[in-house]
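# Sequence and predicted structure below; questions after.
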Amino acid sequence: MATNVGPIYDPPSLAHPFGTDRLGDDILSRTMSAATLDVSITVAVVLLSVTVGTVWGSVAGFFGSWFDYLTMRILELLNAFPSLLLAMLVIAVAGPGLLNVVFVVALLPLPDYVRLARAEVRSKKNWQFAEAAKLVGRRPVGVLFAHLVPNSLRPLLTYASVNASQVAATVGALGFLGLGIQPGSAEWGSMISRGQDAILSGQWWVAGFPGLMIFLLAAAFHLISDAIADSRDQGGSW
Amino acid sequence: MVAARLRPLLRIVGAMSVIVGIVSVTFLVSRVFTADPVNLFVGNSATKEMRDQARKELGLADSLPVQYLHFLRGLLTGDLGKSYLTGRPVTADLITRMPATLELGLYAITLGVLMGVIVGVLAAVFRGSALDGVLRLLTTAGLSLPQFWVGLMLLWLFFVTLHVAPGPSGRMPAGMEAPPTITGLYVVDAVLQGDWATAMIAAKQLLLPVLTLSVGSFAPIARQVRSAMVESLDSDYVRTARAMGVSQTRVWFAYALKPGLLSVLTIAAGLVGWTLAGSVLVEGIFAWPGIGQLALTAIRSSDYPIVQGFVLYVAVLYVVIWALLEAVYTRVDPRLRS
Amino acid sequence: MNASSDVVLDVKRLSGGFEDTDHQILPVLTDVTFSIRRGVSAAIVGESGSGKSITALSVLGLTPAGFSLTAGQIRFEGEDLLTMDPARRRKLSGRGLSMVFQDARAALNPVFTVGWQIADVVRIHQDVGRREARRRAEELLDRVRVPEPARRMKQYPHEFSGGMAQRAMLAMALACQPRLLILDEPTTGLDVTIQADILDLIADLKAASGMTTCLITHDLGVVAENCDQVVVMQQGCVRESGSCAQIINTPTDPYTKQLISDSRLVETS
């Protein structure tokens, strides 16, 4: 990694547009390299959660019976706990690390995806095209994944994008608490945590810029979600 | 069919089993999957005898099922064990710190709901206008701002730069005495004793942390209020109220708002969990001596009795909130009564 | 003008429509013109989509989002409602002119008791306290022949049948003591016997209070029995208007003739 060592706690300037931190590191370059990490974690988490949740929820909704029952009970248990707290507890037990963070944070919205996919599939299970596909002899699993799931994607995508913004914030929060990837690594949350003490002595930029990035990423995902939802009902709702 | 009279009973049993389930899972996870807590007490150079001695004192020498039984028995008597770090009983720690978090959460949720309702109603009433657009941006910002960062930035702006708010010194400025305890909520206690000066000081301490916590909570409320209001403003019953000459503001805040409050309540109840999680982040920033800070320290240092106590506290709080919510539901929405 | 003193409502060349996505107005009302004399029971008749309800809602200023008027006048007791100061117009709604809607169960607020809703309207229009308002609300429920009014006061709209809810709506409208009451399909969706009861009740209330009523309906049979002045509408236009006897017995417009023969009024009357 390139060394960007400059003066310690240098306020934003032409040489260091975001200033430097207590080790003299350039905050702009750290923020940028953290962007790769935070964005990829966010995307990975959402993809993992959407995939597992959709498969689980559609199967439960499509086949019903004991599997559906069990699913609902598990969801209830998961729901009885505020998600960030759950993440903190599991990370505390499992230890920090990239994979742990991805798995734990992906677990949090899982109930919502399962529930969404389940409801969508249940409401469309008896639609004509599903019936028709069954009549021409397609296997149930084929009907489910070839016909029902693709038709349920819009609400899932709308939610996934809202969820992505929450994931970005949760990853940041875990990093801030020192329960993230690796304390001290270039990740927005841990950068904010590094800048926490500097706030009281007036060096707002150390924590300021990484936090601004979390905010912008989260806001972007929200706007995308609004756009997906709006494309259907012409700006009437937000 | 279950007789209607049995239903509350079943609900309580259900709630209890959720609590016991959650607590058991935490127990199991914390004992099985984690580093040996004995390491906290003895150095790396400790002999096997010293370790065994420590293990015995901590009650970790027995087999897991026996430990679990001990744990459950303690639970029934309100004994959650002792902190590995301080040796103080967990229950006492939780109780001492509860008012601080309660005070913070209470004001934060109240402020969040109040702002959310006002923003939501205005956005719905002036839907499609420039004001609606501005409020939409504000709400999206509220949903996207990381709480802990907001806390730090508010601290920098109002304490470091403008000197209008007190620094992160907890519930009282350094060297100030807390008001004598009645409810444990400093502002309320001070007011009850007529000590307005102290009440003001305590309220000032609350200002930034409460603002920080409510920034995130007003936004989901505002969204929900707006969409519920838009729906009821177009409804037949609002049209009726207008045809009967009910005034504009009364139509908004009574006839149109109340039917939408139900969905707002659900979100507000969810906010309790969100605020509790937020308090873990925010209490640290403002040196607030509440449960969140206790939990964070315990999680970081593998102080399992405290962690378990905290999990239990959260689970109980959740179950209670949802039970309350259901009771309030039926009061607010008469259709659910039959 | 002298004639205007006994005309309550005078609608002149009223046009309007819904705005589509390209900001074009798709016409729904075209040159609607009619007037209603004080004290009569008038009716606007037409099939669904004829613009009769939207005309009534325009009079009350309660048109749905997206609809706008493009031309015309609506004079209530000589004053044009459309150019009037909005605050003054709002003051007129309720006590000047009021409206009762189809599907009364949906038109009552689901989260307030029926008694609360009537009493609230009483308090808005009559200068009385909370307790007196409740007493008057109960009295009104009794007047619209709701049995056990005291018990019914405490109930919510979902506990009311359609007919009972329509009576409660009428009680609410009476609480305003309006000079013109518009009734939009007040009996549609009710059982035939209950329809007859409600129409009788409306006639009795009208006789007792002396208010002008305007019934909006698709049912010529109802009109023939209850009204003395009729406006026939089709596709946003007024086809014919005049006294009830004249229009039923000697219709000049082909559409009116069609309506009359469709309703088989000729055979029954």
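It's in.
# Now do the helix or strand hosting C:Thr33: distance to the chain's middle.
With secondary structure defined by DSSP states H and E, C:Thr33 is part of strand C:25-37. The chain centroid and the centroid of strand C:25-37 are separated by 16 Å under Cα atoms, centre = their mean, to the nearest Å.
# Who does that strand pair with, and is each partner parallel or antiparallel?
strand C:7-19 (antiparallel) (DSSP bridges).
# Which positions in the partner strand come out as buried?
Residues C:7-11, C:14-18 are the ones in strand C:7-19 that count as buried (16 or more other Cβ atoms under 10 Å in any protein chain shown). Yep, even glycine has a C-beta here, placed from its N, CA and C like the rest.
# got it, and stretch B:307-327?
Counting neighbours by 16+ other Cβ under 10 Å, stretch B:307-327 gives B:307-319, B:321-322, B:325 as buried.
# ok, and what's touching that stretch?
With Cβ atoms under 8 Å, 6 or more residues apart in numbering or on different chains as the test, stretch B:307-327 has contacts from A:80-82, A:85, A:89, A:92, B:11, B:15, B:18-19, B:22-23, B:26-27, B:30, B:71, B:75, B:80-81, B:90-91, B:93-94, B:265-266, B:269, B:272-273, B:276, B:291, B:294-295, B:298-299.
# show me where the stretch 151-269 of chain C has helices.
Ranges of helices in the stretch 151-269 of chain C, per DSSP state H, counting those that start in this stretch, are C:162-176, C:192-209, C:220-226, C:244-249, C:254-262, C:265-268.
# And the fifth one, what does it pack against?
Meaning helix C:254-262. For helix C:254-262, the packing partners by 3 or more Cβ pairs under 8 Å, 6 or more residues apart in numbering or on different chains; DSSP states H and E come out as strand C:229-234, strand C:237-243.
# Next, the buried residues of that helix.
For helix C:254-262, by 16+ other Cβ under 10 Å, it's C:255-256, C:259-260.
# what does that helix rub up against?
Residues from elsewhere that reach helix C:254-262, judged by Cβ under 8 Å, 6+ apart: C:45, C:220, C:232, C:234, C:239-240, C:247-248, C:251, C:266.
# Of the residues you listed, keep whichever come out buried.
Neighbour-count burial (16+ other Cβ under 10 Å) applied to the contacts of helix C:254-262 gives C:45, C:220, C:232, C:234, C:239-240, C:247-248, C:251.
# Widest-spaced pair of those residues?
Using Cβ to Cβ, the two most remote members of the buried ones among the contacts of helix C:254-262 are C:Gln234 and C:Ile248, lying 16.7 Å apart.
# State the distance from B:Thr26 to B:Gln224.
32 Å (Cβ to Cβ, to the nearest Å).
# same question, A:Gln182
38 Å.
# More neighbours: which of the two?
Taking neighbours as other Cβ atoms under 10 Å in any protein chain shown, A:Gln182 and B:Gln224 compare with B:Gln224 leading, 21 against 14.
# Surely the more buried one and B:Leu262 touch.
No - assessed by Cβ atoms under 8 Å, B:Gln224 is found out of contact with B:Leu262, at 10.0 Å.
# which one of the buried residues of stretch B:307-327 sits closest to A:Leu200?
For the buried residues of stretch B:307-327, the nearest to A:Leu200 is B:Phe310 (27.9 Å; Cβ to Cβ).
# So that closest one versus B:Gly284, what's the distance?
Distance, B:Phe310 to B:Gly284, using Cβ to Cβ: 15 Å.
# what's C:Val231 in contact with, if anything?
Taking Cβ under 8 Å, 6+ apart, one finds C:34, C:42-45, C:238, C:240-241 in contact with C:Val231.
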